[in-house]
Every structure is written in structure tokens, then in C-alpha cells.
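Q: what's the 3D shape of this:
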Amino acid sequence: MGADFTYGFGCVVDPGAVIGDGVTLGNHVTICEGARLGEGCVVADFAIVGKRPTLGKRSTAKGGPLPGVEVGSGCSIGSHTVLMAGSTFGAECIVGDNAGVRERCAIGDNVVIGRGVTVENDTTIGSRTKVQTGAYITAYVTIEQDCFIAPMVVTTNDNYMGRTEKRFAELKGCTIRRGARVGGGSHILPGIEIGEEAFVATAAVVTRDVPPRTLVMGSPARVVRDVPEDELLENQ
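A: Numbers count the residues shown, from 1 in each chain. From the prediction side, this is the model:
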């Protein structure tokens, strides 16, 4: 336990957990075996940090042993949020209330994972990316740095929805390149690549790759025009 560690009523810290200096735990927080919290982290009431997954017999997720979750310095973990073992979080991340991040995810620095967001296993989210309230990030997704994922976006990874054997070979999440923005309520189909600095309009259904720096909209989403120069990251 680090210096100036404070905690509320009913907290549980399992053996092997490492708590950095200045960490604050709310009431009824559980820090699981092997978890590591960097200095200055704040974990709100009823959160579970480092939970071990229980997989169904027919689950497509990888099993096996997992290292403890690692949470970088200055992170804030919301109330009733669950972070699974085997995932890593960079410094200064915000994870909102009721969010869930599953095993083997790699989260960069200064990432925002909003209230009620679900991030499934084996997903990567780059630094400074924001994933807003209620978004669903399925397994095996890559989101690069400086992206914006609006509320209620849905990503998918299985075109066969649980049927056929070939789905196992083709199971693949989307890739969202650096600086891309995805509008509220949009759906992104399996294996799609959204190019760097692209813009997906609200409620679009993305069924094919989106070229870099282009704006798409509709169902299915179609290219409408280029993204304006003054909206590109280099001009901010």
C-alpha cells in the first residue's frame, strides 16, 4: 500500500494487489488479486478492479491465465464499473459509471470511456480517444489515437451471428484509424476499416471501408464529400 492511501467502508483488497501513493477508494470497492493501481487513482463506490472472467463452454473468447489489471497513474474509475484482469490502462484515463472493460484490452493515455460503455475482450483503444455514453465496442476492435466515438455507436464482429464453423476464421472487429469520428447511433459491420480522419454521420450503417478524410452518411453509408480542412487534427 502506498502513502496517503484512503478507502471507504467495506472495501476488499486481495493479496498481491499493489496500491500506489495517494489512491482513493470509495465504499464497497473490490481490488482483485494482482491488480496494480498507479498513484493518484480514484475508484468510486462498488467498482471491481481486476475481476477474473468466467467463460461459457461455447464462448469464442480466449481462455487461460491472465495477469492482473494495470491502471495507470491519475485514472478515475466510476461507480459500479468492472475492469477485468489482463487489461492495461495508461495514465489519466476516465472510465465512467457502470462501464465495463473486459480482459486483454489495451487502453492508452488520457482515454475517456463514458458512462455505460462496454468494451469487449482483446480490444485496443489509442491515447486521447473518447468513447461516449452507451457505446458498444465488440471484441477484437482496434481504435487508434484521437478518435471520437459518439453515444450509442455499435460495432460488430460476426457476420454469421453465431452460426456456421467458418465464422471462427472470419471473426473480426473493425479498425478505426487515427482521428476518425463516428456519429451517434452508427453501426459498423465486422472487419470494416474507417480511414484516418474520416467522418461517419449520425445513424449511418457502415458496410464497406471508409477512405481517409471522407464523410459518409446513410444506410448503407456512402461517401458524400471530403472532411473540411479546418476539422482535421493538424489544424486544431
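
Q: Next one: the nearest residue to Ile19 once chain neighbours are set aside from Ala91, what distance?
A: Spatially, and ignoring its direct neighbours in sequence, Ile19 is nearest to Met1 (4.9 Å; CB to CB, 6 or more residues apart in numbering). Every C-beta, even on glycine, is put in place using the N, C-alpha and C of the backbone. To Ala91, Met1 is 20 Å away according to CB to CB, to the nearest Å.

Q: So for the residue nearest to Ile19, what pLDDT did the model give?
A: For Met1, the model assigns a pLDDT of 83.

Q: before we move on, back to that, so for Met1 and Ala91, which residue has more residues nearby?
A: Counted by other CB atoms under 10 Å, Met1 and Ala91 do not tie: Ala91 has more neighbours, with 18 against 12.

Q: Next one, pLDDT for the more buried one please.
A: Value listed for Ala91 in the pLDDT field: 98.

Q: show me what contacts it?
A: Residues in contact with Ala91 (CB atoms under 8 Å, 6 or more residues apart in numbering) are 38, 72-75, 109-110.

Q: Tell me the most packed of these, by neighbour count.
A: Cys75 (26 neighbours).

Q: any chance you could map the helices in the protein?
A: Assigned by DSSP state H, the helices in the chain fall at 167-170.

Q: Show me what the helix or strand bottoming out on mean pLDDT in the chain is packed against.
A: Ranked by mean pLDDT, DSSP states H and E, the weakest helix or strand in the chain is helix 167-170, scoring a mean of 82. Using 3 or more CB pairs under 8 Å, 6 or more residues apart in numbering; DSSP states H and E as the contact definition, helix 167-170 packs against no other helix or strand.

Q: Kindly export that helix (C-alpha atoms) in PDB.
A: C-alpha atoms of helix 167-170 as PDB (Å, rounded to 0.1, in the frame of the first residue of the first chain):
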ATOM      1  CA  ARG A 167     -17.400 -17.800 -38.600                       C
ATOM      2  CA  PHE A 168     -14.500 -18.700 -36.300                       C
ATOM      3  CA  ALA A 169     -12.000 -18.000 -39.100                       C
ATOM      4  CA  GLU A 170     -13.700 -14.700 -40.200                       C
END
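
Q: Which residues does it contact?
A: For helix 167-170, contacts defined as CB under 8 Å, 6+ apart pick out 60, 158-160, 190-191.

Q: at 10 Å what do you get?
A: When contacts are defined by CB atoms under 10 Å, 6 or more residues apart in numbering, helix 167-170 is touched by residues 60, 157-161, 164, 190-191.

Q: Give me the buried subset of the residues you listed.
A: Among the contacts of helix 167-170, those buried by neighbour count (16 or more other CB atoms under 10 Å) are 157-158, 190-191.

Q: For the most centrally placed residue in the chain, give me its contacts.
A: Compute the mean C-alpha point of the chain, and by CA atoms, centre = their mean the closest residue is Val119, 4.2 Å away. Applying CB under 10 Å, 6+ apart to Val119 gives the contacts 83-84, 87, 95, 99-102, 105, 107, 113, 125, 131, 135-139, 141, 143, 155.

Q: same check, this time on Val223
A: By CB under 10 Å, 6+ apart, the contact set of Val223 is 198, 208, 210-211, 214-217.
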